[in-house]
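Trainee: A structural model of the following input is requested.
(chains A, B and C)
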Amino acid sequence: MPELPEVEVVRTGLASLLLGRKVQSVTAFRADLRYPLPDFSPLFEQKIHAIRRRSKYLLFDFTGDTERGEFEAQTLVWHLGMTGQFHVLPKATSAGAHEHVRFDFDDGSSLRYRDARRFGYAGLMATNDWEKHAWFKRLGPEPLFDEFDVACLLAHCHGRKAPIKTLIMDAHVVVGVGNIYAAESLFLAGIHPARAAGRISKQRLQALVDAIKVTLAAAIQAGGSSISDFVQVDGKPGYFAHNFHVYGREGEDCTHCDAKIRRIIQAGRSSFYCPMCQH
DNA sequence: CTGAAGACCTGCCTGC
DNA sequence: TGCAGGCAGGTCTTCA
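Mentor: Coordinates of the predicted model:
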């Protein structure tokens, strides 16, 4: 399901429903997803006081403050993989297909995690040092922050023969750019996805930085992409798919010229581009 | 170090 | 209708 915009839309939806909720119980219906699930028992009686995002990870911050006493504040880290979904439903609602974990709260609601392919994963870590965890310590900048700029991208591209598309999808370079938005950003910037990263001018890399920011921001604004099974927390679909210029449009007309959109395989993934507009 | 390929797992669509 | 094959948004590991 998710690239950065989808995760951000899920984060907003969950925050609107779950802040201040106290955990009554957590049930895991299996021992692992991609990795073994953590022991959730430290979260018992704790309240969610913030829901944040870093890269494509959701971070649920708990208070550490319960009737049993004070505990070190914990952060529940969750990655949705390809098909993970969170839904907030009344406790009485029966489990759906592929529902692997549920959190029951004090107000009668429950948070359900569903994930058909089980590429998702979760971890529980101390709030004051989650950034030191292996999942985070080598991540690149957030694409929508000022820290991601042309100087940063240029430094990673220098001397690299790897295709630019592979490079912008590398989380050590910049986080959150997945297969869909990489394709869309490269189209906007007029850069061919197979072009060697080290052979692109600073000016064109600047255009790419701008295109990534514009593309991701527009997708968040639109409520995420409705590709396949992406749904928001309340079950409504995202709408960004209606705005795709190249992704999933092999053989169709380019939106800017008379050429047909092409598909190639890079690093085992489909890449879509316009042979006239991108070089 | 770099870059490519395979691995994880299930569902859905296409074509025979 | 049934079934094989290809494909899917992400990351991590392995190999040359």
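
Trainee: Enumerate the residues of the stretch 1-150 of chain A near DNA strand C.
Mentor: A:1-3, A:6, A:34, A:55-56, A:79, A:81-83, A:117, A:119, A:134-135 (CB under 7 Å from any atom of the strand). Every residue, glycine included, has its C-beta placed from N, CA and C.

Trainee: which neighbours does the one helix or strand in chain A whose mean pLDDT sits lowest have in its sheet, and in what orientation?
Mentor: One helix or strand of chain A scores below all others by mean pLDDT, DSSP states H and E: strand A:65-66, with a mean of 78. Here strand A:65-66 has these sheet partners by DSSP bridges: strand A:69-70 (antiparallel).

Trainee: so how far is the partner strand from its chain's centroid?
Mentor: Distance of strand A:69-70 from its chain centroid, counting by CA atoms, centre = their mean, to the nearest Å, is 34 Å.

Trainee: which is the next helix or strand following that strand?
Mentor: Sequence-wise, the next helix or strand downstream of strand A:69-70 (DSSP states H and E) is strand A:74-79.

Trainee: Next, the contact list for the residue nearest to A:Arg195 when sequence neighbours are not counted, please.
Mentor: Once flanking residues are discounted, A:Arg195 sits nearest to A:Ile164: 5.2 Å by CB to CB, 6 or more residues apart in numbering. By CB atoms under 8 Å, 6 or more residues apart in numbering, the contact list for A:Ile164 reads A:Cys157, A:Leu186, A:Ile191, A:His192, A:Pro193, A:Ala194, A:Arg195, A:Ala196, A:Ala197, A:Ile200, A:Leu208.

Trainee: switch to 7 Å and redo it
Mentor: A:Leu186, A:Ile191, A:Pro193, A:Arg195, A:Ala197, A:Ile200 (CB atoms under 7 Å, 6 or more residues apart in numbering).

Trainee: Checking my notes, the third one in a helix, right?
Mentor: Meaning A:Pro193. No: read with DSSP: H, G, I helix; E, B strand; the rest coil, A:Pro193 is coil and lies in no helix.

Trainee: ok, so what distance separates the residue nearest to it when sequence neighbours are not counted from A:Gln203?
Mentor: Distances taken as CB to CB, 6+ apart put A:Lys165 closest to A:Pro193, at 3.8 Å, once the chain neighbours are dropped. For A:Lys165, the distance to A:Gln203 equals 19 Å [CB to CB, to the nearest Å].

Trainee: try A:Asp106
Mentor: If you measure A:Asp106 against A:Gln203 using CB to CB, the figure is 56 Å.

Trainee: Which one of those two is surrounded by more residues?
Mentor: Counted by other CB atoms under 10 Å, A:Asp106 and A:Gln203 do not tie: A:Asp106 has more neighbours, with 12 against 8.

Trainee: My read is that that one contacts A:Gln24, right?
Mentor: Yes: using CB atoms under 7 Å, A:Asp106 is in contact with A:Gln24, at 5.7 Å.

Trainee: Now do the helices in chain A.
Mentor: All helices of chain A, identified by DSSP state H, fall at A:4-18, A:150-157, A:164-168, A:179-189, A:202-221.

Trainee: what about those helices, which gets the closest to DNA strand B?
Mentor: helix A:164-168 (5.5 Å; CB to the nearest atom of the strand).

Trainee: That closest one and DNA strand B, are they touching?
Mentor: Yes: using CB under 7 Å from any atom of the strand, helix A:164-168 reaches DNA strand B at A:Thr166, A:Leu167.

Trainee: What's the mean pLDDT across that helix?
Mentor: Mean per-residue pLDDT for helix A:164-168: 96.

Trainee: now the stretch 151-279 of chain A, which segments are flagged as low pLDDT?
Mentor: For the stretch 151-279 of chain A, the stretches flagged by pLDDT under 70 are A:226-232, A:235-242.

Trainee: For the spatially closest residue to A:Ala50 that is not a sequence neighbour, give its distance to A:Ile51.
Mentor: The shortest distance from A:Ala50 to any non-neighbouring residue, by CB to CB, 6+ apart, is to A:Asp61 (4.2 Å). Distance, A:Asp61 to A:Ile51, using CB to CB: 7 Å.

Trainee: Many thanks, I have nothing further to ask.
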